[in-house]
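A.B. asks: no sequence on this one, just coordinates:
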């Protein structure tokens, strides 16, 4: 799943370490999410969206579409 | 990001990778030479293939413990060889990395003691049992604390590594004992199983770390 975490983080002027500290996770977690190597848990995704004041769907992009 | 910044970062990452590999290689090679000479001199007793492999796996654990421990004790210098962004990251992770170094050291020590235990090795069996139990306890407790305190990515990597290690053990260990059962090969010795457990776990951990992009130099 693609995401716009890096874009939002850089717009906020935060380093990976700063974002990790605010979310209570390791820098590796932020790095893995930003490089699409790891999809965060739902609670963490919700916390990320809350932190940047956006919807989860603005942060995480799922290409899947329901069948018509 | 400017092209110059990207080129400079690439050079820094390359330097770090070369330094890290060189340092790990130098320490590992030196350790292997020392152990090899000790084996040849006979001071370690009669080291057969099982005991030699166990010592080899133990050396890998001891090497990792030394490198991580070095990073914990000296974050600034550690950041030059370990795969972290900077020394501050080592300071942030000091507790977990310190526990990890202790656990890894304990596993390396445990395998070493078992490999060097009587009757073939110089360590009498009763002290060897006591030391092995104590080191196993240290490894178990440190792993338990780490597991309680790690974040969700680390939990996922531990689960990935556990699943991968189990499947690899089924494949390698299962094939080995099946062939031994059919009298095609010699059965694994008890120490072979321990070397297999810890060796496969180490490889699976690297695989899980690579899979989540955490082996890429930072």
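C.D. replies: Structure received. Quick caveat, the model's predicted, so the values are computed rather than measured.
A.B. asks: now do the contacts for the residue most central in space within chain A.
C.D. replies: Closest residue to the average C-alpha location of chain A: residue A:5 at 4.1 Å, with Cα atoms, centre = their mean. Going by Cβ atoms under 8 Å, 6 or more residues apart in numbering or on different chains, residue A:5 touches A:30, A:33, A:34, A:48, A:59. Every C-beta, even on glycine, is put in place using the N, C-alpha and C of the backbone.
A.B. asks: what about residue B:191, how many neighbours?
C.D. replies: Around residue B:191 there are 18 other residues, counting by other Cβ atoms under 10 Å in any protein chain shown.
A.B. asks: of the contacts of residue A:5, buried ones?
C.D. replies: Among these, those buried by neighbour count (16 or more other Cβ atoms under 10 Å in any protein chain shown) are A:30, A:33, A:34, A:48, A:59.
A.B. asks: show me which of those is closest to chain B.
C.D. replies: residue A:33 (8.2 Å; Cβ to the nearest Cβ).
A.B. asks: correct me if wrong: that closest one contacts residue A:41.
C.D. replies: No. Taking contacts as Cβ atoms under 8 Å, residue A:33 lies outside contact range of residue A:41: 10.6 Å.
A.B. asks: quick one on the thing from earlier: could you measure from the residue nearest to the centre of chain A over to residue A:39?
C.D. replies: Using Cβ to Cβ, to the nearest Å, residue A:5 is found at 11 Å from residue A:39.
A.B. asks: what is in contact with the two at once?
C.D. replies: residue A:33.
A.B. asks: hang on, the earlier thing: can I get the contacts of residue A:5 in CSV with secondary structure?
C.D. replies: Shown next, in CSV, are those (DSSP: H, G, I helix; E, B strand; the rest coil):
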residue, secondary structure
A:30, helix
A:33, helix
A:34, helix
A:48, helix
A:59, helix
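A.B. asks: would you turn these into TSV with pLDDT?
C.D. replies: Shown next, in TSV, are the contacts of residue A:5 (pLDDT from 0 to 100):
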residue	pLDDT
A:30	97
A:33	97
A:34	96
A:48	98
A:59	96
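A.B. asks: start to end distance for stretch B:86-100?
C.D. replies: Stretch B:86-100 has its terminal residues 19 Å apart, counting by Cα to Cα, to the nearest Å.
A.B. asks: buried residues, it. List them.
C.D. replies: Per 16+ other Cβ under 10 Å, stretch B:86-100 contains these buried residues: B:86, B:87, B:89, B:90, B:92, B:93, B:96, B:97, B:98, B:99, B:100.
A.B. asks: make a markdown table out of those and add secondary structure and distance to chain A.
C.D. replies: Listed next are these as a markdown table, based on DSSP: H, G, I helix; E, B strand; the rest coil; distance: Cβ to the nearest Cβ, whole Å:
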| residue | secondary structure | distance to chain A |
| --- | --- | --- |
| B:86 | coil | 8 |
| B:87 | helix | 11 |
| B:89 | helix | 6 |
| B:90 | helix | 11 |
| B:92 | helix | 7 |
| B:93 | coil | 7 |
| B:96 | helix | 9 |
| B:97 | helix | 11 |
| B:98 | helix | 15 |
| B:99 | helix | 14 |
| B:100 | helix | 13 |
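A.B. asks: dump the residues you listed into CSV; add distance to residue B:49 and pLDDT as well.
C.D. replies: Below are the buried residues of stretch B:86-100 laid out as CSV (distance: Cβ to Cβ, whole Å; pLDDT from 0 to 100):
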residue, distance to residue B:49, pLDDT
B:86, 43, 87
B:87, 42, 89
B:89, 41, 89
B:90, 38, 92
B:92, 43, 89
B:93, 38, 91
B:96, 36, 95
B:97, 34, 96
B:98, 35, 97
B:99, 33, 97
B:100, 30, 97
